[in-house]
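Colleague: Take this sequence and fold it.
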Amino acid sequence: MKWIVVLGLCLGCGNKPAREVCERAADHFERCVGEVFGTDMKQLARDHREVSSCANDAETVKMYEKCEAQKSCAQYLDCLDGFKPTE
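Modeller: Presented below is the predicted three-dimensional model:
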């Protein structure tokens, strides 16, 4: 029984480095959506934040790793919009 609890806790942790990438990306995305589209859209982005599903998708993590280096919101959002999974 003890192993089932430990396994459940481990499965709930997810991929920590990927999760950190997705947390930073979600923060960056929310900030940029708010800057470009206003507070209502920022709240909508926050309401639909899906860090766990991001962390479990290698292509999404790769996209956020690539685009995170973009400092301006316009560049960041363009990078996300133009990302091709084979890059």
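Colleague: Who are the contact partners of V51?
Modeller: R19, C22, E23, A26 (CB atoms under 8 Å, 6 or more residues apart in numbering). The way it works is simple: take the backbone N, C-alpha and C, and place the C-beta from them, glycine included.
Colleague: Relative to M63, how far out is the residue positioned nearest the centre of the chain?
Modeller: The residue lying closest to the centre of the chain (CA atoms, centre = their mean) is C22, at 3.0 Å. As judged by CB to CB, to the nearest Å, C22 and M63 stand 10 Å apart.
Colleague: With N56 instead?
Modeller: From N56 to M63 the distance is 14 Å (CB to CB).
Colleague: Same question for F29.
Modeller: According to CB to CB, F29 stands 11 Å off from M63.
Colleague: Check the nearest residue to V36 once chain neighbours are set aside and give its pLDDT.
Modeller: Distance criterion CB to CB, 6 or more residues apart in numbering; nearest residue to V36, sequence neighbours excluded, is C73 at 5.5 Å. Here, the pLDDT recorded for C73 equals 95.
Colleague: contacting residues around stretch 24-35?
Modeller: 41-42, 44-46, 49, 51, 54, 64, 67-68, 73, 76-77, 80.
Colleague: rerun at 10 Å
Modeller: For stretch 24-35, contacts defined as CB atoms under 10 Å, 6 or more residues apart in numbering pick out 22, 39-46, 48-51, 54, 60-61, 63-65, 67-68, 70-77, 80.
Colleague: Now list the buried members of those residues.
Modeller: 22, 42, 45, 51, 54, 60-61, 63-64, 67, 70, 73, 76-77, 80 (16 or more other CB atoms under 10 Å).
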